[in-house]
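[1] kindly return the folded structure for what I paste below:
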Amino acid sequence: MLKIGFHCCAQLGKLPLQCRHLLAVGSTLSTAIRHSSSGGSGGSNDPGLFGMPRLQTHADFPRWAQDAKDRCNELVQQILAAPADASVVRLVDDISDQMCQVYDSAECCRNVHPDPQWQQAASQACQVLGNYLAEINHHEGLYNKLVAVQDLYTRSRAAADNEAAPDKQLQQQLLSHQQLSAFCPETVVVAAKYLQDFEKFGIHLQDKQQRQKVAQLLALNQHYPARFNAVMADPAALGTASVPAQLLPGSWGLATSLTGQVRVPLDSGSVHYLLSHTDSAEARKQVYLAAATSPEANLSLLTGMLGCRHKLARLLGYTSYAHFKASDSTLAGSPGAAESFLVDLADQCRAHADKELALLTHMKRQHTGDSGAVFQPWDQDYYTRQLATQACGPAAAAVAAFPYLQLGSVLAGLSELLDRLMGLQLQQQPLSAKEAWAQGLVKLAVVCCEHGPLGTLYLDLVARPGKVPSSGILYPVRCGRELPGGMYQQPILCLVGNVAAAHGIGSATATQLLLSWKEFKTLLHEMGHAVHSMVSRTKYQHVWGTRCAQDIVEVPSHLWEHFASDSRCLALLARHKSSREPLPAQLAQQLACRTSATPALELQQQALMSLVDLVYHGHLPPSSAHESSSVWLSLAHQHSSLPPPQTTSPQARFSHLTIYGASYYSYLYARCLSEAIWDTHLLQDPLNPHTGQLIKELLLKPGGSLEPLDLLTSVLGGPVQRDKVLQARHGGWCPKTDHLVKRMIGSTAQDTLHKGL
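    Okay, here's the model as predicted:
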C-alpha cells in the first residue's frame, strides 16, 4: 500500500500479507450470479477504462493528472482561507481523493494494461502526481491549518464538557455549538490521522537541516527496498548451484553441461521444487546452502535499509523504527506487545512442532535405512511432501477436485453464501469496449439487497505475457466516501492474478478457469478484502475499507478463509460444474491436509520471522551482514525446532522486510483474531443472517474510522468478552493464542478437517 501524507491505496497486495493470490470463474453461472444490463459505474453510457468516464484514451491520463493538480491547488487555497473547523478536514480529504483517484487507477493500469501507450501514459500520471504529492506533504500552510483545527477543537470540546460557562471573551475564541457539532467521532479520528501523516515527513521539526535529513532518509527508504526486490527478481544476482546430474531427477538431465553438472537456478520456485522432489540428500544440501547464502548483494542493502529507518525514526522522535510503526494507530501500540505475543505463540507451538519434526525424522530414517540419521533443514520440504502424500492421499486428489472448483461455480456459491449471510449478491455485468483492457475479464457488481449497488469489482485473472508477476493483488481504483447531498462514491476494485488456462480445458474463458485448492482458499481470502471494502461506509476516503490499522486489516480476509474448512459452506462454494454435487468430504479432507501437513512448524517459522523483523527494527538494528545473520540464528535457536545452519543468511531473501518493516507480526495477529471471531460468532452456524449482519455492521462497515481496540471490543461483544480474546501488555494489546493453537492442533496431517466435515 502506497501510504504517504495523503496515501493513495495503489496495491493492497502489499499487506500481506494484506492480499495475495486469487480466483478464477466457470461455465455454469447460476442465478446466484445475476446478469445485469446496466452500464458502467462511472455514470456514462460509454464508460472508459475501469468504468471511469475520464479515461476514454491513453492520452487522458496525463490530462487527468494535470486537472487533479489544478483542482487540488484550488482546494489548498480554500483550506488556507477557511476557518479552523471541520470543513478543513473535509477539504483535505477532497485533496486526497482527487489525487488518489488518478494515482490509484494509473498504478493499476501500468501493471495490467497490455498496451505500452497506456502503460507509458499511466506512468507519466504517476510521475506528475508523485512530484506534486511531495509538495503537498511538505506544505506548512496545510499542516499549520490542521494544527489550528485540532487545537481549537480540543479547547472547545473541553469548554463544552465543563459545566461552568466560559467568559464571553474566551467564548469568542472557541468554536460555536454548531461548529463543534460538526466534529463527529470520525472527523476527530481523521483529523488526527492527517496530522500524523504530515508529521511522518518531519514537517513539525523546527530545524531546517533536520527536515532536509528526513527527506533524504525517506528517499533512501524507497531506494533500498526497490533495490532489494530488484535483486530478488534478477536471475544473475540470485545465481545458480552446480549439482552433479546423477543426483537429480531425470528431467533435470536436459540441462546437463559437458562437465556432467546441472546449473540449478536459485530463484525461489526452482529451489522449492528441487527441495520438494529430489530424493538425493546431497543434491538438496547443495542447493539449499547455495540459496541460503544468496543473493549476497541484499545483505548490504538490508544493512543500509535498517540503518536508514533507524535514523529516520530517531529524527522523528521515536526510540526505534518499530516504535514509529507501532504508533500508527495499531492494536499492538508498542513493539513490546507484539514481541511478547510472538514469544508466547512460539512457546505454545514448540511441543507440537517437535512432534512434527520427530515424525519427519522417523520418515527420513525409514527412507534411508539409517536409524541414526539426523534431520536437516534441507530435508524439510522433501519429507513434508512425503508426509502429505502418505497421510492425505495421492496428488491425484488435486486433479479430481478441479471440476468442483470452476470459477463460475465458485462465484455463484459465494454469492449465495453472502446473500444468506449478509444480504449481498455478486451480479455479473457486461463490459463495454473502452472499459476493458484485455481479454478474459469479469465485471461484478456487488449489490446489497437492502441498499442497492455498493460498488464494482473487476477480475483480471487469466495469465498473459507482460502482466504484473503476482499470484494476486487487489488494486483499489476508486475509494468510497460520502458525497454532498447524501450520495456515496461507489468504490471500484480490480483483482489481478495469473491463473493459467490449464488443467485440460485449453483456451478457456475466465469463467471456465479451474482452481487448485490453494487458489480456491486465496479467492476466499481476497474476497474477504473486497467485501470489507465494498461494505465499508465512511465519511472520509482516508479511513475507507482496508485503510485501517495494519495489524487488523487482514482479519476479514482470514475470516473468509474459514469458509473453506466448513462443510456447510463448502456445500455452497465447491459444487461440481455439471452435476452440482458438493465436493466429497474425503476429497476435501485430502486437499486441506496437503495444504498444511506440518502446521506447527509453519506457524513456528512465521513467529520466528516476525520476531526477526521486530528485532531488526528495534533500538539496536544490526549494522553489518554478520550481525543480521547472528540475530536470526540466535532467535532461531531460541524459538525454532529446526534452526538454519550457522553459515547461512536467510535474511537476504526475506523480502517482506522491505514492505512490512516492523509489522510482519500483523499476519499472526490477524490469524488469532479471525479464529476468535469465527469461534465466537460463526462456528455454530456460519450462515446465520443475524451473525452476518453483526459482522457486516461492526467489523466491516467502520473501515478505519474506529481505533482497533474499540472496533474489536464492539465485534467481540463488550469488554468482558474482549478480555477473553485480547490482553493488555507493554502499553498496547495483543491477542491470546489459544484459539489459533487449538485450530493448529486440529489441523495436523492426521486430522485436518474442521469438525463441520
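
[2] drop to CA atoms for contacts and neighbour counts, all remaining ones
    OK.

[3] need the longest strand for this protein.
    As assigned by DSSP state E, the longest strand anywhere in the chain is strand 452-462.

[4] pull out the buried positions in that one.
    453-462 (16 or more other Cα atoms under 10 Å).

[5] over to stretch 170-189?
    174-175, 180, 183, 186-189.

[6] same deal with stretch 204-220?
    For stretch 204-220, by 16+ other Cα under 10 Å, it's 204, 210-211, 213-215, 217-218, 220.

[7] and that stretch, average pLDDT?
    Averaged over stretch 204-220, pLDDT sits at 95.

[8] adjust the sequence numbering to begin at 108 for everything that follows.
    Renumbered: residue one is now 108, and that last one reads stretch 311-327.

[9] now find how far off-centre that stretch is within its chain.
    29 Å (Cα atoms, centre = their mean, to the nearest Å).

[10] output the helix or strand harbouring S821 as CSV, nothing but the C-alphas.
    If you go by DSSP states H and E, S821 is part of helix 815-823. Provided in CSV are the C-alpha atoms of helix 815-823 (Å, rounded to 0.1, in the frame of the first residue of the first chain):
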residue,chain,number,x,y,z
PRO,A,815,-8.6,-1.0,16.6
LEU,A,816,-9.4,-1.8,20.2
ASP,A,817,-12.8,0.0,20.0
LEU,A,818,-13.7,-1.9,16.9
LEU,A,819,-12.7,-5.3,18.3
THR,A,820,-14.4,-4.6,21.6
SER,A,821,-17.6,-4.0,19.7
VAL,A,822,-17.3,-7.1,17.4
LEU,A,823,-16.5,-9.4,20.3
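
[11] can you list contacts of stretch 557-572?
    Outside stretch 557-572, the residues within contact range by Cα atoms under 8 Å, 6 or more residues apart in numbering are 129-131, 148, 157, 530, 547-555, 597-608, 617, 637, 641-642.

[12] what about 6 Å?
    Around stretch 557-572, the neighbours that count as contacts under Cα atoms under 6 Å, 6 or more residues apart in numbering are 548-554, 597-607, 641.

[13] and if you look at stretch 523-531?
    139, 532, 554-556, 794-796, 799-800.

[14] hang on, the earlier thing: between the next helix-or-strand element following the longest strand of the chain and strand 559-569, how big is the angle?
    Next helix or strand after strand 559-569 toward the C-terminus (DSSP H and E): strand 580-585. Here strand 580-585 runs at an angle of 140 degrees relative to strand 559-569 (axes from the mean of the first three to the mean of the last three Cα atoms, to 10 degrees).

[15] who are the packing partners of strand 580-585?
    helix 193-219, strand 599-606 (3 or more Cα pairs under 6 Å, 6 or more residues apart in numbering; DSSP states H and E).

[16] helices or strands up against the first one?
    What that stands for is helix 193-219. helix 167-188, helix 223-244, strand 580-585.

[17] quick one: low-confidence ranges for the stretch 708-857 of the chain?
    For the stretch 708-857 of the chain, applying pLDDT under 70 flags the ranges 854-857.

[18] same thing but 50
    855-857 (pLDDT under 50).

[19] those helices in it, which residues are they?
    Using DSSP state H, counting those that start in this stretch, the helices found in the stretch 708-857 of the chain span residues 732-746, 763-766, 773-784, 796-801, 815-823, 826-829, 845-852.

[20] compile the helices and strands packed on strand 580-585 into CSV and extend it with columns for distance to D274.
    Listed next are those as CSV, based on distance: least, Cα to Cα, whole Å:
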stretch, distance to D274
helix 193-219, 24
strand 599-606, 51
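
[21] out of the ones you listed, nearest to N336?
    With respect to N336, and counting by Cα to Cα, the nearest of the helices and strands packed on strand 580-585 is helix 193-219 at 16.3 Å.

[22] average model confidence for that closest one?
    Helix 193-219 comes out at a mean pLDDT of 96.

[23] just want the angle from that helix to strand 580-585.
    Using the same axes, to 10 degrees: helix 193-219 against strand 580-585 is 130 degrees.

[24] quick one: helix 193-219 to chain centroid distance?
    Counting by Cα atoms, centre = their mean, helix 193-219 comes out at 20 Å from the chain centroid.

[25] repeat for stretch 164-173
    The answer for stretch 164-173 is 29 Å, by Cα atoms, centre = their mean.

[26] buried ones in it?
    Buried-residue list, stretch 164-173, by 16+ other Cα under 10 Å: 165, 167-169, 171-173.

[27] now the residues you listed in a markdown table, with pLDDT?
    Output for the buried residues of stretch 164-173, formatted as a markdown table (pLDDT from 0 to 100):
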| residue | pLDDT |
| --- | --- |
| H165 | 97 |
| D167 | 97 |
| F168 | 97 |
| P169 | 96 |
| W171 | 97 |
| A172 | 97 |
| Q173 | 97 |
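
[28] closest one to A390 out of the residues you listed, please.
    H165 (50.9 Å).

[29] returning to that earlier point: buried subset of the contacts of stretch 557-572?
    548-554, 597-607, 641.

[30] for the helix holding S821, which helices and strands make contact with it?
    Going by 3+ Cα pairs under 6 Å, 6+ apart, helix 815-823 lies up against helix 826-829.

[31] pull the contacting residues for Q834.
    840-841.

[32] quick one: it and H430, what's the gap?
    Remark: distance between Q834 and H430 (Cα to Cα, to the nearest Å) = 19 Å.

[33] tell me which residues of stretch 799-808 are tucked away?
    For stretch 799-808, by 16+ other Cα under 10 Å, it's 799, 801-808.

[34] how far off centre is it?
    On Cα atoms, centre = their mean, the centre of stretch 799-808 falls 20 Å from that of its chain.

[35] what is the end-to-end distance of it?
    Per Cα to Cα, stretch 799-808 runs 12 Å from first to last residue.

[36] kindly report the same for stretch 650-658.
    Start-to-end, stretch 650-658 (Cα to Cα) is 15 Å.

[37] re the thing from before, so which of the helices and strands packed on strand 580-585 comes closest to L396?
    strand 599-606 (30.4 Å).

[38] the closest one vs helix 193-219, what angle?
    30 degrees.

[39] check the gap between M634 and Q648 for me.
    20 Å.

[40] just the strands in the stretch 458-607 of the chain please.
    531-536, 548-555, 559-569, 580-585, 588-589, 595-596, 599-606 (DSSP state E, counting those that start in this stretch).

[41] now the ones you listed in CSV, with distance to V371?
    Listed next are the strands of the stretch 458-607 of the chain as CSV, based on distance: least, Cα to Cα, whole Å:
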stretch, distance to V371
strand 531-536, 45
strand 548-555, 36
strand 559-569, 29
strand 580-585, 29
strand 588-589, 51
strand 595-596, 51
strand 599-606, 25
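
[42] which elements pack onto the helix or strand bottoming out on mean pLDDT in the chain?
    Among the helices and strands of the chain, helix 275-279 carries the lowest confidence by mean pLDDT, DSSP states H and E, at a mean of 72. Helix 275-279 sits against no helix or strand, with contacts defined as 3+ Cα pairs under 6 Å, 6+ apart.

[43] could you rerun that using 10 Å?
    helix 247-268 (3 or more Cα pairs under 10 Å, 6 or more residues apart in numbering; DSSP states H and E).

[44] tell me the average confidence for the helix it packs on?
    95.

[45] mind giving me the packing neighbours of it?
    Helix 247-268 packs on helix 167-188, helix 193-219, helix 223-244, helix 275-279, helix 284-288, helix 292-306, going by 3+ Cα pairs under 10 Å, 6+ apart.

[46] quick check: angle from the longest one to helix 247-268?
    Direction vectors for helix 193-219 and helix 247-268, defined by the same axes, to 10 degrees, enclose an angle of 130 degrees.
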